[in-house]
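**Student:** Below are the sequence and a predicted model for it; my questions follow.
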Amino acid sequence: MARQIDYDRARDLLEAQFSLAEEDFRDGISIGVPQDLESSVQTLFTSKTQAYREALVGCCLARLLDDQIDITKPYVNQGDHAYNGRTLDERVVNPFLHEHEIPCSKSPFLSALRRNVDFTPDTAKGLRDKVAFEAMLSFIAALKAASDAEALAYLRFLLGAFVRLRDQSKIALSRINRVSIEQYAELIQAMLGTQSGGRLPVLLAVATFEAIKRTYDLPWRIEFQGINVADSQNDAGGDITVFREGAVVLSVEVTERAIDKARLRSTFNTKIAPNGIDDYLFFFSAAQPTEEARAAARSYFAQGHEINFAPVSEWILTVLTTLGAKGRTIFTETFIDLLDARDVPAALKVTWNNNVRQLFS
């Protein structure tokens with residue numbers, strides 16, 4: 001008798017492991033798997049046949065949800081311990097891949113794996129890309145022999161390959177025109193609530209400064225450094241620096257981390273004092289500065305260095321309210337252009353598209 005799959009559990013499992021795979025990619029972490037399995041995945045993702053790697057996701061989910069399933073039998077009429085691989089793909093895997101903007105087919109069970117095929121060597125006779133199919137079978141063999149913990153790691157490793165595939169592809173960003181202040185508030189909060197290693201708060205702040213500059217035709221030059229770029233590469237040492245006629249108007253540090261006294265002292269000694277900065281601004285997106293940090297800022301004020309703190313979301317919304325419709329359009333267009341840069345992770349672009357979709361649905 002064929003085995004039944006809980007598709008809600010399958011979706012939850014896929015979501016959780018994909019999020020971990022995205023974090024691995026963002027943090028440069030590699031999941032350790034056997035060399036032959038790693039080679040199989042490499043073969044699958046260099047193949048032009050998408051069906052095999054997509055079907056493997058369903059195999060992993062079926063194996064993890066029910067170890068009594070024979071994952072080589074993806075059609076219910078294939079006997080005891082078979083499962084409905086096509087329904088699992090149609091309800092869970094394929095919609096998930098499309099929602100996360102991962103290059104994929106309409107369904108592996110409507111292309112190379114149709115007509116009641118099973119995942120055994122005999123099936124290879126009727127397939128065009130036999131090398132990729134053999135890589136799939138090798139992965140399945142390892143999956144069947146794995147413990148639950150190993151099988152989970154294999155799924156995470158496989159999903160990591162999908163994350164890399166997406167990052168190499170071009171993702172079209174959603175363009176928006178008329179947006180109300182309330183909608184901006186919702187959208188900005190959603191973006192700031194996304195783990196981005198500090199990248200999104202910086203891009204949002206840069207877009208806001210650019211909107212001010214262009215709306216009021218100010219003679220500013222706005223520079224910002226990428227994430228993980230050494231501070232010494234920026235003339236004034238901040239994440240964002242606003243220049244006017246070569247002089248620093250304002251230097252800004254945008255942070256998701258807590259601002260305490262020790263951090264303020266370090267910033268003063270390494271950035272503010274060496275560069276002679278009179279006006280330094282901390283934008284924070286999460287934790288408020290500590291009272292000790294605020295007290296230290298007041299002491300530096302007496303030395304001629306003005307250090308201020310502001311919540312980045314409130315600042316952006318205040319500016320957007322003041323700039324009017326024209327300025328808000330400039331902000332939106334600038335932010336999308338910044339987000340569209342090649343070095344911005346695809347996950348952040350997908351986050352934008354999903355948030356825009358939810359906002360206007």
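**Tutor:** Ah, there it is.
**Student:** Poorly predicted segments of this structure, please.
**Tutor:** 1, 226-237 (pLDDT under 70).
**Student:** quick check: longest helix of this structure.
**Tutor:** helix 312-339 (DSSP state H).
**Student:** What is that helix packed up against?
**Tutor:** helix 181-192, helix 199-215, strand 279-284, helix 346-359 (3 or more Cβ pairs under 8 Å, 6 or more residues apart in numbering; DSSP states H and E). The C-beta positions use only the backbone N, C-alpha and C, and glycine is treated the same way.
**Student:** Helix 346-359 and the first one, what's the angle between them?
**Tutor:** If I follow you right, that is helix 181-192. Going by axes from the mean of the first three to the mean of the last three Cα atoms, to 10 degrees, helix 181-192 is angled at 150 degrees with respect to helix 346-359.
**Student:** Show me where the protein has its strands.
**Tutor:** With strands called from DSSP state E, the chain shows them at 220-224, 240-244, 247-255, 279-284, 306-311.
**Student:** Reformat those as a markdown table; add mean neighbour count and distance to Phe119.
**Tutor:** As requested, the strands of the chain are exported to a markdown table (neighbours: other Cβ atoms under 10 Å; distance: least, Cβ to Cβ, whole Å):
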| stretch | mean neighbour count | distance to Phe119 |
| --- | --- | --- |
| strand 220-224 | 16 | 50 |
| strand 240-244 | 19 | 53 |
| strand 247-255 | 20 | 49 |
| strand 279-284 | 21 | 52 |
| strand 306-311 | 16 | 53 |
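**Student:** Serialize these to CSV and add fields for distance to Glu182.
**Tutor:** Formatted as CSV, those follow (distance: least, Cβ to Cβ, whole Å):
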stretch, distance to Glu182
strand 220-224, 27
strand 240-244, 26
strand 247-255, 24
strand 279-284, 22
strand 306-311, 18
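**Student:** nearest to Gln78, of those?
**Tutor:** strand 247-255 (55.8 Å; Cβ to Cβ).
**Student:** Can you give the strand pairings for that closest one, parallel or anti for each?
**Tutor:** Applying DSSP bridges to the sheet, strand 247-255 is found paired with strand 240-244 (antiparallel), strand 279-284 (parallel).
**Student:** For Val131, find the nearest of those strands.
**Tutor:** strand 240-244 (49.7 Å).
**Student:** quick one, the closest one and strand 220-224 angle?
**Tutor:** Using the same axes, to 10 degrees: strand 240-244 against strand 220-224 is 160 degrees.
**Student:** next one: strand 240-244 to chain centre, how far?
**Tutor:** Chain-centre distance of strand 240-244: 28 Å, with Cα atoms, centre = their mean, to the nearest Å.
**Student:** Buried residues in stretch 260-274, which are they?
**Tutor:** 260-261, 263-264, 267-268, 271-272 (16 or more other Cβ atoms under 10 Å).
**Student:** What is the nearest of those to Glu54?
**Tutor:** Arg263 (45.8 Å).
**Student:** Leu281 versus the spatially most distant residue from the centre of the chain, what's the distance?
**Tutor:** Here the chain reaches farthest from its C-alpha mean at Ala302, the gap being 42.5 Å by Cα atoms, centre = their mean. As judged by Cβ to Cβ, to the nearest Å, Ala302 and Leu281 stand 18 Å apart.
**Student:** domains of the chain?
**Tutor:** For the chain, automatic domain parsing gives the domain ranges 7-167, 181-359.
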